[in-house]
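Colleague: Prediction below, plus the sequence it came from.
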Amino acid sequence: MSTPGETAHPNAATRLTLISHAATSATRGTRFPDDEPLERPGDSPVADIGRFTRFHTGPETRCRQTATAFGWDATVDEALADLDFGHWRGRALDDVTDFSWLTDPTAAPHGGESVSDVLTRVGGWLDGLRSTGERVAAVTHPAVVRAAVVHVLAAPAQAFWRIDVSPLSVTRLSVSGSNWTLRETGHAVNQ
């Protein structure tokens with residue numbers, strides 16, 4: 001397994017591995033996420049996905065449970081929180097009648113965050129990792145992974161919903177200098 005606390009060379013590229021949390025009842029039931037636990041907390045595969053200098057996790061139960069299943073002593077990072085769906089949390093997608101949030105990145109009819117808000121938050125977090133030379137792993141949400149990919153590719157915000165992120169999928173990014181690179185995305189954690 002990975003070894004936390006390794007010292008990185010100051011001129012080395014920063015490498016980031018994002019892992020989408022394991023499945024929950026919301027991901028299986030087409031509901032907006034709340035702070036629900038994993039469907040089967042002990043069933044997350046333990047895989048050697050690389051050596052890291054630090055581990056992060058989103059604050060929600062499902063992220064922390066996934067990180068624990070990997071055996072990580074991860075730091076909770078609010079920047080890795082899921083897109084806040086406001087008063088839609090826990091509701092079925094069929095209950096929604098205003099779908100402006102799917103086409104307008106600034107829309108937040110649920111009273112939570114817009115896609116633009118998440119893109120700004122995640123972009124700021126990624127920018128804070130530049131020039132650290134570390135190897136960072138983070139368990140987070142599909143929305144955060146989408147935002148990271150959009151940021152790295154400098155894609156338009158409308159691309160956000162066109163990126164498919166499955167439970168326990170891995171996305172690897174790196175940065176050396178000023179530009180991030182998407183190394184791979186969408187692979188299962190156990191590959």
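Modeller: Thanks, I have the structure now. Numbering: from 1, shown residues only.

Colleague: how about stretch 89-107: buried residues?
Modeller: Neighbour-count burial for stretch 89-107 flags 89, 101, 105 (criterion: 16 or more other CB atoms under 10 Å). Quick note: C-beta positions are derived from backbone N, CA and C, even for glycine.

Colleague: Show me what the helix or strand hosting residue 143 packs onto, helices and strands only.
Modeller: Take DSSP states H and E as the rule and residue 143 turns out to sit in helix 142-153. In terms of contacts (3 or more CB pairs under 8 Å, 6 or more residues apart in numbering; DSSP states H and E), helix 142-153 is packed against strand 14-20, helix 115-129, strand 169-176, strand 179-188.

Colleague: Give me the contacts around that helix.
Modeller: Helix 142-153 is touched from outside by 16, 18, 20, 58, 80-83, 115, 118-119, 121-123, 126, 155-157, 159-161, 163, 165-166, 169, 171, 173, 180-182, 185, with contacts defined as CB atoms under 8 Å, 6 or more residues apart in numbering.

Colleague: how far out from the middle of the chain is it?
Modeller: 8 Å (CA atoms, centre = their mean, to the nearest Å).

Colleague: average model confidence for that helix?
Modeller: What helix 142-153 shows for mean pLDDT is 97.
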